[in-house]
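Asker: The following comprises the amino acid sequence and a computationally predicted model.
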Amino acid sequence: MGLVTENTPSFMPDFLKRCGGHAIIDGGFATELERHGADLNDPLWSAKCLITSPQLVRRVHLDYLEAGANIILTASYQATIQGFEAKGLSREEAETLLKRSVEIACEAREIYEENCAKDSLNSTENERIATSPVLVAASIGSYGAYLADGSEYSGDYGDAITLETLKEFHRRRVQILVNSGADILAFETIPNKLEAKAYAELLQEEHITTPAWFSFNSKDGINVVSGEPMVECAAIADSCKQVVAVGINCTPPRYIHGLITSIRKATEKPVLIYPNSGETYDAEHKEWVPSTGAVDEDFVSYVGKWRDAGALLFGGCCRTTPNTIRAISRALSDKSSACSTLSSNVNNK
Ligand SMILES: C[S+](C)CC[C@H](N)C(=O)O
Ligand SMILES: N[C@@H](CCS)C(=O)O
Ligand SMILES: [Zn+2]
């Protein structure tokens, strides 16, 4: 994928075809940073590592690529100009860090592809390795994520926050991420209709040609977390021409099946799902607490059902790991890595 991907009606169908019919999204980015020792108790949360440990950010992207991901999400979920400025950074420094989030993910992809090419050279003709395509998705967390008080799990922004406030809050960040060379914009953990509308209008007003996905979160399996129906949110995504996939993230696995059905009532666009582990986020202590959390195996046991319900892109969100992604990858096909052997194709040619 080149610098500034252009959206065409065939962008997502072509990508899915090249991935073998379904694509694998990475897993919990912050979770993997923490597993490597990062302390994310900070208003910037995972985006803090863009300042303190960019090499760790690159390592985590590589972990997910090696686990089989076809799409890696950048460290920009909670990276906002306003959030960086609150830390004392200049506007220019803040914009540079946003751009870096995409560049680091692109570097990880390059390293991964070089490693795959080397492995391929070391293989016999019959084991020739083919690299599955990899997209770099620029993560755009909601306004609630920036607030760093867990309000992306309530969608309650109060009456002072309007459509215009939200558009202005996100405008410059979206422009920078578009110009950084991301293949797709991942609007994730969208908690309410107002923010979905703001994103849709912003994409149109700015004449954005980079493809985008809208991904909502839910805590009851019917509505997004604000209590507004998922089907109405999916309809907003459906009417936005830049949106090439609609889905659900950071939502307990037990709710996903019903939500896929709701989304498909509103749109024919490809459905993506990347649930969390089923645990609950304690925003005050910035930690996850057990609920009836499904472990990796339980999570993965649902994957076939989600595929039968019509989902086409699968991954994990908070508290999932590269092991989850490996298991999803195995559940969807017999291959356990994004480097798939082409031996049968080669032999049959
Ligand atoms: C997806 S949540 C776990 C991200 C962190 C939250 N916005 C916070 O800053 O507390
Ligand atoms: N992609 C985010 C989480 C979204 S809820 C991150 O892990 O940084
Ligand atoms: Zn999450």
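Answerer: Here it is on my side, so go on. Ligands and ions are numbered 1, 2, ... in the order given.
Asker: Can you tell me the element the residue in the stretch 51-200 of the chain positioned nearest to ligand 3 falls in?
Answerer: Proximity of the stretch 51-200 of the chain to ligand 3 (C-beta to the ion) peaks at residue 189, 6.1 Å away. From N, CA and C alone the C-beta is placed, and that goes for glycine too. Applying DSSP states H and E as the criterion places residue 189 in strand 184-190.
Asker: for ligand 2, what are the nearby residues on the stretch 201-349 of the chain?
Answerer: Proximity of the stretch 201-349 of the chain to ligand 2 is assessed by C-beta under 6 Å from any ligand atom, with 250, 317-318 identified as the residues in range.
Asker: With neighbour count and distance to ligand 3 as extra columns, can I get the residues you listed in CSV?
Answerer: Formatted as CSV, the entries for those read as follows, by neighbours: other C-beta atoms under 10 Å; distance: C-beta to the ion, whole Å:
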residue, neighbour count, distance to ligand 3
250, 26, 3
317, 27, 3
318, 20, 3
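Asker: residues contacting the residue of the stretch 51-200 of the chain closest to ligand 3?
Answerer: Contacts for residue 189 (C-beta atoms under 8 Å, 6 or more residues apart in numbering) come out as 77, 141-142, 144-145, 152, 215-217, 249-250, 317.
Asker: Try it again at 10 Å.
Answerer: With contacts defined as C-beta atoms under 10 Å, 6 or more residues apart in numbering, the neighbours of residue 189 are 77, 139-142, 144-145, 152-153, 155, 195, 215-217, 224-225, 248-251, 276, 317-318.
Asker: So residue 137 sits against residue 106, correct?
Answerer: No - with contact defined as C-beta atoms under 10 Å, residue 137 does not reach residue 106; the gap is 11.5 Å.
Asker: Show me which of the two is the more surrounded one.
Answerer: Comparing residue 137 with residue 106 by neighbour count (other C-beta atoms under 10 Å), the higher total belongs to residue 137, at 25 against 22.
Asker: Need the three-state assignment for that one.
Answerer: Applying DSSP: H, G, I helix; E, B strand; the rest coil to residue 137 yields a three-state assignment of strand.
Asker: That one bridge partners, please.
Answerer: For residue 137, the residues forming beta bridges with it (DSSP bridges) are residue 73, residue 184.
Asker: separation between the nearest residue to residue 271 once chain neighbours are set aside and ligand 2?
Answerer: The spatially closest residue to residue 271, leaving aside those adjacent along the chain, is residue 311, at 4.7 Å (C-beta to C-beta, 6 or more residues apart in numbering). From residue 311 across to ligand 2, the span is 18 Å (C-beta to the nearest ligand atom, to the nearest Å).
Asker: Tell me, how many residues neighbour residue 311?
Answerer: The burial count assigned to residue 311 is 25, neighbours taken as other C-beta under 10 Å.
Asker: How about the contacts made by the closest residue to residue 140 other than its chain neighbours?
Answerer: With C-beta to C-beta, 6+ apart as the measure, residue 187 is the residue that lies nearest to residue 140, at 5.0 Å, once sequence neighbours are left out. With contacts defined as C-beta under 10 Å, 6+ apart, residue 187 is in contact with 137-142, 170, 174, 195-196, 198-200, 202-203, 212-216, 237, 243.
Asker: rerun that using 6 Å as the cut-off
Answerer: Taking C-beta atoms under 6 Å, 6 or more residues apart in numbering as the definition of contact, the neighbours of residue 187 are 140, 199, 214.
Asker: related to what we said a few turns ago, tell me the phi and psi of the residue nearest to residue 271?
Answerer: With angles defined as degrees, to the nearest 10, residue 311 shows backbone torsions of phi -70, psi 150.
Asker: distance of it from residue 190?
Answerer: When distances are taken as C-beta to C-beta, to the nearest Å, residue 311 and residue 190 turn out to be 17 Å apart.
Asker: Over to residue 263?
Answerer: Applying C-beta to C-beta to residue 263 and residue 190 gives a distance of 12 Å.
Asker: Could you pull out the helices in the stretch 1-150 of the chain for me?
Answerer: Using DSSP state H, counting those that start in this stretch, the helices found in the stretch 1-150 of the chain span residues 11-18, 29-35, 48-52, 54-67, 81-86, 91-121, 143-147.
Asker: and these as a markdown table, adding distance to ligand 3 and mean pLDDT?
Answerer: Output for the helices of the stretch 1-150 of the chain, formatted as a markdown table (distance: least, C-beta to the ion, whole Å; pLDDT from 0 to 100):
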| stretch | distance to ligand 3 | mean pLDDT |
| --- | --- | --- |
| helix 11-18 | 22 | 97 |
| helix 29-35 | 8 | 98 |
| helix 48-52 | 16 | 98 |
| helix 54-67 | 14 | 98 |
| helix 81-86 | 17 | 98 |
| helix 91-121 | 16 | 95 |
| helix 143-147 | 9 | 98 |
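Asker: Identify the residues contacting stretch 23-32?
Answerer: Counting by C-beta under 6 Å, 6+ apart, residues outside stretch 23-32 touching it are 16, 40, 46, 60, 63-64, 68-73, 274, 313, 315-321, 324-325, 329.
Asker: touching ligand 2 at all, it?
Answerer: Yes - applying C-beta under 6 Å from any ligand atom, one finds stretch 23-32 touching ligand 2 at 28-30.
Asker: Out of those, the closest to ligand 1 would be?
Answerer: The shortest approach to ligand 1 among the residues of stretch 23-32 next to ligand 2 belongs to residue 30, at 6.8 Å (C-beta to the nearest ligand atom).
Asker: Sweet, I'm off.
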